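> here's my sequence, what's the structure:
(chains A and B, ligands or ions: 5)
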Amino acid sequence: MDCIVCQSEIIMQITWANLFQLSLPRPICDECAAGLKLLGGKQCKKCSRPSIEKICSDCLWWEQQEEMNTIEFNHSIFSYNEKMKAIVATWKYRGDYVLGEIFRDYVSKAFRERFSFLGKESLAVPIPLSGERILERGFNQALQLCEFLPIEHAGILSRIHGEKQSKKTRHERITSENPFFIKQPINKAVVLVDDIYTTGTTLRHAAQLLKQHGCPTVYAFTLIRG
Amino acid sequence: MANKITIKQDEYHLHFAGKLLLRREIPLDDTAFKQLLATKQFTPLKPIKEKNFHLHCERCGNEKSSLFGKFPCTQCESTHVYCRKCIEMGRVSECEKLYLWTGEKPIWPRHESPCTWEGSLTAAQQKAADRIVSAIRINEKETLIWAVCGAGKTEMLFPGITEALICGKRVCLATPRADVVKELYPRLQQAFRAVTIQALYGGSLDKAGTAQLIVTTTHQLLRYQEAFDVIIIDEIDAFPFHADPSLPYAANRAKKSESTTVYLTATPRSKQRKRIQRKQLPHIFVPLRFHGKPLPVPKAKMCFSLKRDLQNLTIPKTIINWLKNRKNPGRQLLIFTPTIMLAEKLQKPFEILLLQTGLLHSAKQLQSVHAQDPDRGIKVQAFREKEIVALITTTILERGVTFPSVDVVILDAGHDVFDEAALVQIAGRAGRSPDDPTGEVILFHQGKTEAIHEAITSIKEMNKRGGF
Ligand SMILES: [Zn+2]
Ligand SMILES: [Zn+2]
Ligand SMILES: [Zn+2]
Ligand SMILES: [Zn+2]
Ligand SMILES: [Zn+2]
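Ligands and ions are numbered 1, 2, ... in the order given. Sure, this is the predicted structure:
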């Protein structure tokens, strides 16, 4: 099998550890895998950002924004290094759906480690794309990530308008009105799923709406801490 | 999304003729676009076909099953196959069509005397130039120009391009690397001042690709079909053209059925040599550099501790000795390494050594460069301007760059990346200027490879054919 990132052939090392287990071949080669940087070490426990403080200054600020203090915590797996940026560009912006497979094992493992306390009675909800973006790419990468999870998922959120976040200032983004609407009420804990946590505003808007419609607690699970 | 440019209705054919485009690459509103479809000026094509139980991408010719993917389409609520091979040019999938212009064909202007270049050709260059002119004049299908490194092949092309423009033909000059496109573009503009020329490469601003004379990376040819009367393909032996079958596929499709293809190479691969020998491919050999001196012949130097030394990041004694006894220490130094890692990691030891030997006056005069180095353009320029005295590089500088006076060293010349073509090209970096037409080329190895042997033999052979 060839690495789905660099197309070089993956040579499976047979060891005593994997000889008798029927492990599936990995989708990427060791070299590409080594280019991805897993988050670790000292992190903010609210947002996963590398930080010496237990709670980083951003999260302390969020805690004071009552209406927007809507998620318990965010858990991210990777940092946004150059290799990841290149992969995300092809996966998301070029629409190379297959590349999402890189993350299957990482996502399901991280979920089991961090969210197993939730039990089966929770629901994963992907952050929706705007109509324009979905037209371009044909798929929502957050929904693809949901499919790697051991719990059920449902697309109960939609996006009203889809201006580019990056064109706004931080203040504009935070004070802008909620870009989502909700299709049905919800009474279970929700894990919001997205590819990148950047400022956390998008996720908090989504969580705010969920809470206004009966959701008891909202967590965020993101592939990358930007 | 297509950028919002307005195209006048009577100029549609100038924009779209010869192109194979996705809807999002066609900057027209839906009404105008549907009108063109209804009147059959655009013909939709299925981009992914199944042929004899395998998939085939119409745009890039990919047929490797591992380079097709599937995605669940939200619009259609079904799963589509898409091509991963050419995804950098925008995804083609079963969800969309490729559109081929089948409307009016553009008529390209006949220029009276388009060439504004005032230089002159050497006798050897002139012979090749005449050959290209006659090939173009009689629509000869293909011809190969085998010109040694430093023969001055760009100038050799000017008479052929002139001939094509006089006849009202559309011309494309395609080369594997964007750096080379950027270098050729201003030279062509200088040589053909009154002609519209566009340069295309990934990230170029001039994406329209509608000019009569186009200089482009071979990759951008994926967007063309039946477009050119003359297509000149530079460095057919080079990566990626040589290694990626989609590029010859695209080049072949980009030319009109009645057209001339000119191949350029300094180091033909065995595939072309066989065709030459069987007389299936007409060719002309340009054995002389423009300054009339022979190619420097590389010297292979055995170095017993080479691999171990390089692993320990120490510079082998043999190399130190050579460095201290160069024939002309005034020359700049190009040091080739087989890997990016070595290029980076050997910088420090070389810095220490060359400061000691007095070649460098400051550490800044030594740099290393490789394909993933964002500053590579700046460093190459600094080397050209002699601000950098010694440059450690991977094979990215094996071709397409000219420095007037350098000695060339290859570390671990027996490594796989240095095949015959690469070695000949690297050796061709030396002795480029009439003021210093020689230059040392030293291949340090720990066991002579077939490639080293072949490279030296073929350089001697070329010199012999040049009358030396
Ligand atoms: Zn890989
Ligand atoms: Zn935080
Ligand atoms: Zn086929
Ligand atoms: Zn393709
Ligand atoms: Zn579709």
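
> on the three-state scheme, residue B:417 is what?
State at residue B:417, reduced to three classes by DSSP: H, G, I helix; E, B strand; the rest coil: coil.

> okay, the residue lying closest to residue A:147 once chain neighbours are set aside and ligand 1: tell me how far apart.
Using CB to CB, 6 or more residues apart in numbering or on different chains and skipping the chain neighbours, the partner closest in space to residue A:147 is residue A:153 (7.3 Å). C-beta: built from backbone N, CA, C; applies to glycine. Going from residue A:153 to ligand 1 by CB to the ion, to the nearest Å gives 29 Å.

> pretty sure residue A:153 contacts residue A:125?
Yes. The pair residue A:153 / residue A:125 is scored as a contact, 6.7 Å apart, by CB atoms under 8 Å.

> between these two, tell me which one has more neighbours.
residue A:125 (26 against 19; other CB atoms under 10 Å in any protein chain shown).

> any residues of chain A in contact with ligand 2? List them.
By CB under 5 Å from the ion, the part of chain A that sits against ligand 2 consists of A:44, A:46, A:47, A:49, A:56, A:59.

> just give the number of residues close to residue 120.
Here I'm looking at chain A. If we define neighbours as other CB under 10 Å, then residue A:120 has 9 of them.

> correction: the question concerned chain B.
Neighbours of residue B:120 using other CB under 10 Å come to 8.

> tell me how many other residues crowd the closest residue to ligand 3 within the stretch 201-350 of chain B.
Proximity of the stretch 201-350 of chain B to ligand 3 (CB to the ion) peaks at residue B:249, 10.5 Å away. Applying other CB under 10 Å, we find 17 residues neighbouring residue B:249.

> I figured it hits residue B:58, correct?
No. The criterion here is CB under 8 Å, and residue B:249 misses it with residue B:58 at 10.3 Å.

> list phi and psi for residue A:152.
Note on residue A:152: backbone dihedrals following degrees, to the nearest 10 are phi -70, psi 150.

> residue B:14 too?
phi -70, psi -30.

> list the beta-bridge partners for residue B:411.
residue B:444 (DSSP bridges).

> roughly how far apart are it and residue B:14?
Between residue B:411 and residue B:14 the distance is 51 Å, computed by CB to CB, to the nearest Å.

> more neighbours: which of those two?
Each of residue B:411 and residue B:14 has its neighbours counted (other CB under 10 Å); residue B:411 has more, 25 against 17.

> would you agree that one is in contact with residue B:337?
Yes. Using CB under 8 Å, residue B:411 is in contact with residue B:337, at 5.2 Å.

> what sits in contact with each of those two?
Counting by CB atoms under 8 Å, 6 or more residues apart in numbering or on different chains, the contacts common to residue B:411 and residue B:337 are residue B:346.

> where along chain A do the strands fall?
In chain A, the strands defined using DSSP state E lie at A:74-79, A:122-126, A:157-159, A:180-182, A:189-197, A:218-225.

> which elements pack onto the second one?
In this structure, strand A:122-126 makes packing contacts with helix A:141-146, strand A:189-197, judged by 3 or more CB pairs under 8 Å, 6 or more residues apart in numbering or on different chains; DSSP states H and E.

> sorry, back to before: show me what contacts the residue nearest to residue A:147?
A:123, A:124, A:125, A:126, A:143, A:146, A:147, A:193.

> next, format those as JSON lines and append pLDDT.
Converted to JSON lines, these look like this (pLDDT from 0 to 100):
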{"residue": "A:123", "pLDDT": "97"}
{"residue": "A:124", "pLDDT": "98"}
{"residue": "A:125", "pLDDT": "98"}
{"residue": "A:126", "pLDDT": "98"}
{"residue": "A:143", "pLDDT": "97"}
{"residue": "A:146", "pLDDT": "98"}
{"residue": "A:147", "pLDDT": "97"}
{"residue": "A:193", "pLDDT": "98"}
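
> which among those count as buried?
A:123, A:124, A:125, A:126, A:143, A:146, A:193 (16 or more other CB atoms under 10 Å in any protein chain shown).

> which one is the second one nearest to, not counting chain neighbours?
Of all residues beyond its chain neighbours, the one nearest residue A:124 is residue A:153 (3.8 Å), with distances taken as CB to CB, 6+ apart.

> could you do residue B:216 as well?
residue B:200 (3.9 Å).

> shaky segments in the stretch 51-200 of chain B?
Applying pLDDT under 70 to the stretch 51-200 of chain B flags no residue at all.

> the strands in it, which residues?
B:54-57, B:68-73, B:78-83, B:98-101, B:142-147, B:171-175, B:197-200 (DSSP state E, counting those that start in this stretch).

> could you dump the ones you listed to JSON lines with mean neighbour count and distance to ligand 4?
Below are the strands of the stretch 51-200 of chain B laid out as JSON lines (neighbours: other CB atoms under 10 Å in any protein chain shown; distance: least, CB to the ion, whole Å):
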{"stretch": "strand B:54-57", "mean neighbour count": "18", "distance to ligand 4": "3"}
{"stretch": "strand B:68-73", "mean neighbour count": "18", "distance to ligand 4": "9"}
{"stretch": "strand B:78-83", "mean neighbour count": "18", "distance to ligand 4": "3"}
{"stretch": "strand B:98-101", "mean neighbour count": "22", "distance to ligand 4": "10"}
{"stretch": "strand B:142-147", "mean neighbour count": "22", "distance to ligand 4": "25"}
{"stretch": "strand B:171-175", "mean neighbour count": "27", "distance to ligand 4": "18"}
{"stretch": "strand B:197-200", "mean neighbour count": "21", "distance to ligand 4": "18"}
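
> ligand 2 is nearest to which of those strands?
Closest among the strands of the stretch 51-200 of chain B, once you apply CB to the ion, is strand B:68-73, at 33.5 Å.

> where exactly do the helices run in the stretch 101-250 of chain B?
Remark: helices assigned in the stretch 101-250 of chain B by DSSP state H, counting those that start in this stretch are B:123-137, B:153-166, B:178-191, B:246-254.

> of those helices, flag the one that's most buried.
helix B:153-166 (a mean of 22; mean count of other CB atoms under 10 Å in any protein chain shown).

> surely residue B:401 meets residue B:379?
No. If you go by CB under 8 Å, residue B:401 and residue B:379 don't touch, sitting 11.3 Å apart.

> what helix or strand is residue B:382 on?
helix B:376-384 (DSSP states H and E).

> that helix packs against which elements?
When contacts are defined as 3+ CB pairs under 8 Å, 6+ apart, helix B:376-384 sits against strand B:366-369, strand B:390-393.

> reformat the ones you listed as JSON lines; add mean neighbour count, mean pLDDT and distance to residue B:330.
Rendered in JSON lines, the data for the helices and strands packed on helix B:376-384 read as follows (neighbours: other CB atoms under 10 Å in any protein chain shown; pLDDT from 0 to 100; distance: least, CB to CB, whole Å):
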{"stretch": "strand B:366-369", "mean neighbour count": "24", "mean pLDDT": "96", "distance to residue B:330": "16"}
{"stretch": "strand B:390-393", "mean neighbour count": "24", "mean pLDDT": "97", "distance to residue B:330": "13"}
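
> tabulate these (TSV), appending distance to residue B:187.
Below are these laid out as TSV (distance: least, CB to CB, whole Å):
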stretch	distance to residue B:187
strand B:366-369	23
strand B:390-393	23
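
> nearest to residue B:287, of those?
strand B:390-393 (27.5 Å; CB to CB).

> okay, now the sheet partners of that closest one, with direction.
Here, using DSSP bridges, strand B:390-393 pairs with strand B:332-336 (parallel), strand B:366-369 (parallel).

> can you say which of those strands is nearest to ligand 2?
That would be strand B:366-369 among these, by CB to the ion, at 38.6 Å.

> and the closest one, how far out from the chain's middle?
23 Å (CA atoms, centre = their mean, to the nearest Å).

> for it, which outside residues touch it?
Outside strand B:366-369, the residues touching it (CB under 8 Å, 6+ apart) are B:343-344, B:346-347, B:350-351, B:354, B:360, B:375-376, B:379-380, B:382-383, B:388-394, B:396-397.
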